[in-house]
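Participant: sequence-free structure coming up:
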């Protein structure tokens, strides 16, 4: 199992990482949707803006939501790149994996089949494993399947 704390890789610099962020922000923003006021997500977790769960639940402005999304994507991309160094300089795969991690959490991503396949340099297999995450609360959700299909398409670019 991959462990983000055990793998060492420099992240946050370089054209590949910047390109991954540029790809991931609109992808995640589109699929998360934006709600300025707090709400409960599909499994009852308090959420605001673009799927953010790690902040105070209050009303946010559009500018605050966008800034939060940009910061959040970077906060997820960095540990994904550390957890999966094989994709740290592969913008399309890193963007897709970051979107998955933003939705399921870093721990779940770093213990996933996608991470293991990417680590073994089976990039197409890692992309395919992204599609496994189509359930919430133990039940199939078509919206998640649709999101995973788009993440998969992005992930396969250049392979």
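Facilitator: Structure received. Since the model is a prediction, treat every value here as computed from it, not as a measurement.
Participant: Strands of this protein, start to end?
Facilitator: 35-40, 46-49, 135-136, 139-140 (DSSP state E).
Participant: Out of those, flag the one nearest residue 94.
Facilitator: strand 46-49 (22.6 Å; CB to CB). For the C-beta atoms, the positions are set from N, CA and C on the backbone; glycine is no exception.
Participant: What residues sit buried inside that closest one?
Facilitator: 47, 48, 49 (16 or more other CB atoms under 10 Å).
Participant: Next: stretch 57-69.
Facilitator: 60, 65, 66, 68, 69.
Participant: Show me what it is in contact with.
Facilitator: Applying CB atoms under 8 Å, 6 or more residues apart in numbering, the external contacts of stretch 57-69 come out as 25, 28-29, 32, 34, 36-38, 46, 48-50, 52, 55.
Participant: average pLDDT for it?
Facilitator: Stretch 57-69 comes out with an average pLDDT of 98.
Participant: Show me how far that stretch is from its chain's centre.
Facilitator: 19 Å (CA atoms, centre = their mean, to the nearest Å).
Participant: how big is the angle separating the helix ranked longest in the chain from strand 35-40?
Facilitator: Criterion DSSP state H: the longest helix present in the chain is helix 62-83. Here helix 62-83 runs at an angle of 60 degrees relative to strand 35-40 (axes from the mean of the first three to the mean of the last three CA atoms, to 10 degrees).
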